[in-house]
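Asks: Output the structure for:
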Amino acid sequence: MKIGIFVHSQSGNTARLALAVTHALREKGHEVDVELLRPVGKVNPGMRHVELKNVPELEGYDLVMFAGPVWAWNASPVIISLLHQVTGLKGKKAMFFLTSGFPQLISGWSRAHKKVRALLEDSDATVIEGESLFWGIWCSKKRLDAAVDRICKKVLG
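Replies: Numbers count the residues shown, from 1 in each chain. Take a look at the predicted model:
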């Protein structure tokens with residue numbers, strides 16, 4: 001399967017998870033491209049629109065994944081803006097994963113999850129249930145590996 005992973009990472013934590021997912025999927029024989037999203041200018045939580053230097057082309061991918069942090073109890077405005085701008089999601093398998101410095105119950109993960117899922121559904125994508133990783137001050141290898149395993153199981157069935 002050919003998979004594209006598109007990532008917004010401010011601190012590097014989401015990128016670390018995306019690279020671990022990329023490595024795991026490649027080990028299972030899949031072709032995976034990973035691309036960091038590059039906003040124009042500074043991005044702050046709550047921004048309504050973020051201009052991107054790179055809006056990815058989705059053609060040729062069997063599955064696309066979107067990854068970003070939870071900021072101020074919502075999904076990254078970079079991911080939200082990307083999902084408003086990107087084309088080619090109709091009928092395509094799509095998944096997202098989110099990272100947070102706070103546990104799910106207090107991070108706003110539920111709101112962020114609903115927002116990203118709704119945007120994917122509005123684009124007529126075939127949505128695979130999202131996943132999250134509580135990063136905290138640091139993330140143990142065990143917790144990171146468990147998140148990678150959950151993501152791979154959802155993607156590969």
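Asks: Mind listing what's buried along stretch 110-123?
Replies: 112-113, 115-117, 119-120, 123 (16 or more other C-beta atoms under 10 Å). C-beta coordinates here come from the backbone N, C-alpha and C atoms, glycine included.
Asks: How about stretch 11-20?
Replies: For stretch 11-20, the neighbour count (16+ other C-beta under 10 Å) marks 13-20 as buried.
Asks: Three-state assignment for the residue nearest the centre of the chain, please.
Replies: Closest residue to the average C-alpha location of the chain: A67 at 1.5 Å, with C-alpha atoms, centre = their mean. With DSSP: H, G, I helix; E, B strand; the rest coil as the basis, A67 sits in strand.
Asks: about what we covered before: and which of the buried residues of stretch 11-20 is nearest K154?
Replies: L17 (14.0 Å; C-beta to C-beta).
Asks: got the contact list for the closest one?
Replies: Contact analysis of L17 by C-beta atoms under 8 Å, 6 or more residues apart in numbering lists 67, 97, 99, 133, 144, 147-148.
Asks: Name the helix or strand of the chain that has the lowest mean pLDDT.
Replies: helix 104-107 (a mean of 64; mean pLDDT, DSSP states H and E).
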